[in-house]
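Participant: just a sequence and a predicted model for now, questions to come.
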Amino acid sequence: MIVTERKPLDEILEQLKSDRRVFLVVCGGCPEGAKTGTVEEVEKLKSELVQAGKEIAGDVRIDFLCNKALVGTRLSRKLAQLKQTDALLILSCGIGVQATAQITGMKTHPALNTINMGGHQGLFMSSERCMECGECVLSYTGGICPITTCSKSLLNGQCGGAKNGKCEVSKERPCGWQLIWERTHELGTEDRLMKVLSLRSYTKWDFPDELRTTVRWALEMEEKPKPPEAEPAPKASDKKKKEKAQ
Amino acid sequence: MSLREALASGRFVVTGEIGPPKGLDTHEIMEELEDLRGVVQAVNVTDIQSSVMRLGSLAVCAKMVQMGIEPVFQMTCRDRNRLALQSDLLSAAWLGIENVLALTGDHTALGDHRDAKPVYDLDSVSLLRAMAALEGGKDLAGNDLAGAPKFFKGAVVTPCADPVEPQIIKLEKKIEAGAQFIQTQAVYDPRQFEGFMKRVSHVKLPILVGIVPLKSAGMAKFMNANVAGITIPEPLIQRMAEAKKEDRMKVSAEIAGKLVKEMKPMCQGTHLMPLGWTKIVKDILRIAEIPPAGN
């Protein structure tokens, strides 16, 4: 299970500053277990958004947004709704956000932060990757992750090392920040690149305490094989005798 | 006069560059520094350039302060996390180093310790912000400092990158973060540089155009194939190819001098990166009709 947590509402609204009509895409996979994509959570988010003056154009729940074929087929049925939408708000790990951004070519914003692989990875056979930084910035980078596509995981733009669109590390590897610039250029959202994204918090990599109380956590812990029977501890009286003898 | 004052005076300013050695045999950089003394305003000291482990920039800069040669402390984000970077900034200020150039830094995969962990806890933008924070008497975590440093904060840009827009966006972010002067990646095409300067005409900071004197046709071809943001026009490569081996320094100085002369009206200075050929810096400046810095 990939562990996610809800972004604070203020941050979601900051991302959605220039978007009014929002369509929600919810991953029915891991966010269910992490309690970030449950029906109650989605309804709560929706009402918070409406209260903040946003309009919900619609929503869809897709089991595993990391499965691009599935995302493509499910979203194609919603094209009419999508066309009248300013942006997509995605409740999934960073892979789901990137996959949806790539398939739809629309503005996408993450509603969750991906913080931990939790011992099991989702499906990601394509180029989208998530390193669970816990501070998802995909809203500002055209739905392409700078942590995983840039070999230096730079947050504030291209270094001086790109040549012919390729990274200095390998002539085969595209420069992540060039991909990001091209995508935002296509979307007309280059101005979002001016936001200074600084100072990642590495404490985000911790597994949150509240998730340790979930059913999944309990199941995993109970399934743990018991350690082999320990040899009976020597009796205290025996130990004393030994010490005396010495 | 310091680099800060020289640039503020409005005159055309020249900076040089040296790279510390791998080991403690420093006689070559000491000679290079003597070549540059009084000829350039200040000398950049590279920070583990090309990710090849070597003597540190901070130590060499401190030595230069003692020698009376103004250093520009190059600082990359590749090898230190935010604690070490801030601590080294304080150390620099305490050692009398004012000029700091913020760089991302070449990836570890390009160097001689390829398995090393690339850090990049900060990037060039957040490093500039860290400097500004320290100047304001606070560290990045918001804690008070007992005694704040003062820096002259530099940043870099690649004017001939293709596409150049991502470079300009980042330049704007660096300026917003507090950069006070700009040194550029090497430029070999004045027309292209002119185009770049037009696109950044809203930038009010002094920009020093970068020049790497060519050493041979082979080096030029290698740079064209491998070095980011550098395109050396064919006629220049041809001139180096035609030069006799003993004339190469002369031809190189002529090419570089002419480039500086042509770009002089477009910017506020030039940053010469002679890669050891400090002997030709005087010639370059003579051909470019620039008087020596004189301190």
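Facilitator: The structure has been received and is ready for your questions. In this text, all values refer to a predicted model and were calculated from it rather than measured experimentally. Numbers count the residues shown, from 1 in each chain, chains lettered A, B, ... in the order given.

Participant: tally of neighbours for A:R129?
Facilitator: Counted with other CB atoms under 10 Å in any protein chain shown, the neighbours of A:R129 add up to 13. Any C-beta I mention is one placed from the backbone N, CA and C, and that applies to glycine too.

Participant: and it, what does it touch?
Facilitator: A:94-95, A:98, A:145, A:148-149 (CB atoms under 8 Å, 6 or more residues apart in numbering or on different chains).

Participant: out of the residues you listed, which end up buried?
Facilitator: For the contacts of A:R129, a burial check counting by 16 or more other CB atoms under 10 Å in any protein chain shown picks out A:94-95, A:98, A:145, A:148-149.

Participant: among those residues, which lie within helices?
Facilitator: Those of these mapping onto helices are A:94-95, A:98, A:148-149, per DSSP state H.

Participant: just send the buried ones among the contacts of A:R129 back as TSV, with distance to chain B and pLDDT too.
Facilitator: Below are those laid out as TSV (distance: CB to the nearest CB, whole Å; pLDDT from 0 to 100):
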residue	distance to chain B	pLDDT
A:G94	18	91
A:I95	22	89
A:Q98	19	91
A:C145	15	93
A:T148	13	89
A:T149	13	92
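
Participant: I'd like those residues as CSV, with distance to A:V71 appended.
Facilitator: Shown next, in CSV, are the buried ones among the contacts of A:R129 (distance: CB to CB, whole Å):
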residue, distance to A:V71
A:G94, 14
A:I95, 11
A:Q98, 11
A:C145, 17
A:T148, 19
A:T149, 19
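
Participant: beta partners of the nearest residue to B:I29 once chain neighbours are set aside?
Facilitator: Of all residues not flanking B:I29 in the chain, B:I18 sits nearest, at 5.0 Å (CB to CB, 6 or more residues apart in numbering or on different chains). Beta-bridge partners for B:I18, by DSSP bridges, are B:V45.

Participant: I'd like to know how many residues surround B:I18.
Facilitator: The local packing of B:I18 (other CB under 10 Å) involves 28 other residues.

Participant: now do the contacts for it.
Facilitator: Counting by CB under 8 Å, 6+ apart, B:I18 touches B:29, B:32-33, B:36, B:43-46, B:60, B:278.

Participant: with A:D59 instead?
Facilitator: Contacts here follow CB under 8 Å, 6+ apart; on that basis A:D59 touches A:23-26, A:42, A:46.

Participant: assign a three-state SS to it, would you?
Facilitator: What DSSP: H, G, I helix; E, B strand; the rest coil gives for A:D59 is strand.

Participant: kindly report the same for B:K170.
Facilitator: From three-state DSSP, the assignment for B:K170 is helix.

Participant: that one and A:Q158 touch, don't they?
Facilitator: Yes - between B:K170 and A:Q158 there is a contact at 5.9 Å, judged by CB atoms under 8 Å.

Participant: hmm, back to that, and the ones in helices among the buried ones among the contacts of A:R129, which two are furthest apart?
Facilitator: A:I95 and A:T149 (12.6 Å; CB to CB).

Participant: which residues of the stretch 151-295 of chain B lie near chain A?
Facilitator: Listed as neighbours of chain A in the stretch 151-295 of chain B under the rule CB under 8 Å from any CB of the partner chain: B:156-158, B:161-163, B:165-167, B:169-170, B:172-173, B:176-177, B:185, B:226-229.

Participant: mind doing that once more with 6 Å?
Facilitator: Within the stretch 151-295 of chain B, the positions lying close to chain A (CB under 6 Å from any CB of the partner chain) are B:158, B:166, B:169-170, B:173, B:185, B:228-229.

Participant: alright, calling it a day.
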